[in-house]
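In: Sequence first, predicted coordinates after that:
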Amino acid sequence: MGGCMTGTERPENEKNDQAGAPAESLEIGASADPMMDLNAALAAAQAQAEENHELFLRARAETENVRRRAQEDVAKAHKFAVESFAEALVPVFDSLEKALQDESGSAATLREGVDLTLRQLRAAFERGRLTEINPIGEKFDPHRHQAISAVPTQGDPPPNHVVAVLQKGWMISDRVLRPALVTVAQGT
């Protein structure tokens with residue numbers, strides 16, 4: 001047993017070498033698992049990115065559809081608002097046409113027809129939310145009134161108030177369509 005090797009020792013060394021080989025392959029296998037884990041994580045991330053991209057494209061398409069529908073709705077609202085106002089004006093047109101066809105020549109009948117037509121027109125304006133600006137006695141408002149002239153006054157009406165309306169103004173809802181042309185009191 002000294003320095004001589006016997007045949008029995010060799011198989012032990014080979015056994016040790018063989019035992020060492022699986023240890024190395026375990027280490028290689030352990031290093032292969034992280035690579036497989038990374039590949040699996042990459043594949044999962046790519047799948048998630050693809051899913052997110054699909055969701056993004058759908059959301060963008062839906063947003064575009066909503067925007068387009070909103071534009072169409074606004075266009076329809078404008079179209080039908082004009083149509084509704086036009087429908088309200090048709091009876092006024094009919095009344096004016098009948099007045100021109102009347103050959104009786106009676107001033108009273110003409111006045112009655114004009115009065116009726118004016119009431120029809122006011123009703124049409126109300127339906128269209130069109131209101132007149134008749135600011136006599138009100139404080140001058142440059143957003144609703146246009147001063148054409150100023151007259152000196154003492155006392156009543158107070159300065160910077162409307163004393164005369166040369167032409168009524170008109171508003172649609174809360175927006176001035178045409179300012180009233182007015183004369184304003186000027187303090188002396």
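Out: Sure, I can see it.
In: Please count neighbours and contacts with C-alpha atoms only from this point.
Out: Noted.
In: Report all helices and strands that whatever helix or strand residue 47 lives in contacts.
Out: Using DSSP states H and E, residue 47 maps to helix 9-101. Secondary-structure packing of helix 9-101 (3 or more CA pairs under 8 Å, 6 or more residues apart in numbering; DSSP states H and E): helix 107-127.
In: The helix holding residue 47 versus helix 107-127: what angle between them?
Out: Between the axes of helix 9-101 and helix 107-127, defined by axes from the mean of the first three to the mean of the last three CA atoms, to 10 degrees, the angle is 170 degrees.
In: how far does helix 9-101 sit from the chain's center?
Out: Averaging C-alpha positions (CA atoms, centre = their mean, to the nearest Å) puts helix 9-101 24 Å from its chain's average.
In: Surely residue 181 is within a strand?
Out: Yes. Assessed with DSSP: H, G, I helix; E, B strand; the rest coil, residue 181 lies in a strand.
In: Give me the neighbour count for residue 124.
Out: 21 (other CA atoms under 10 Å).
In: Return the residues in contact with it.
Out: 85, 88, 89 (CA atoms under 8 Å, 6 or more residues apart in numbering).
In: rerun that using 10 Å as the cut-off
Out: Residue 124 makes contact with 84, 85, 86, 87, 88, 89, 90, 91, 92, 118, 130 under the criterion CA atoms under 10 Å, 6 or more residues apart in numbering.
In: The residues you listed: which two are farthest apart?
Out: Spatial extent of the contacts of residue 124 (CA to CA) is set by the pair 84 and 118 at 18.5 Å.
In: related to what we said a few turns ago, what's the PyMOL line that selects buried ones from the contacts of residue 124?
Out: Restricted to buried positions by 16 or more other CA atoms under 10 Å, the PyMOL selection for the contacts of residue 124 reads:
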select buried, resi 85+88+89+92+130
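In: I'd like to know which of the contacts of residue 124 is nearest to residue 42.
Out: residue 84 (61.6 Å).
In: Distance of that closest one relative to residue 119?
Out: 18 Å (CA to CA, to the nearest Å).
In: now swap in residue 66 and tell me
Out: 42 Å.
In: do residue 172 as well
Out: For residue 172 relative to residue 119 (CA to CA), the value is 18 Å.
In: Please parse the chain into its domains.
Out: 11-128, 130-188 (automatic domain parsing).
In: what's the model's confidence in the longest one, averaged?
Out: Per-residue confidence for domain 11-128 averages out to 83 on the pLDDT scale.
In: what's the offset of it from the middle of its chain?
Out: Distance of domain 11-128 from the chain centroid (CA atoms, centre = their mean) equals 11 Å.
In: same deal with the last one?
Out: Put simply, domain 130-188 sits 35 Å off its chain's centre (CA atoms, centre = their mean).
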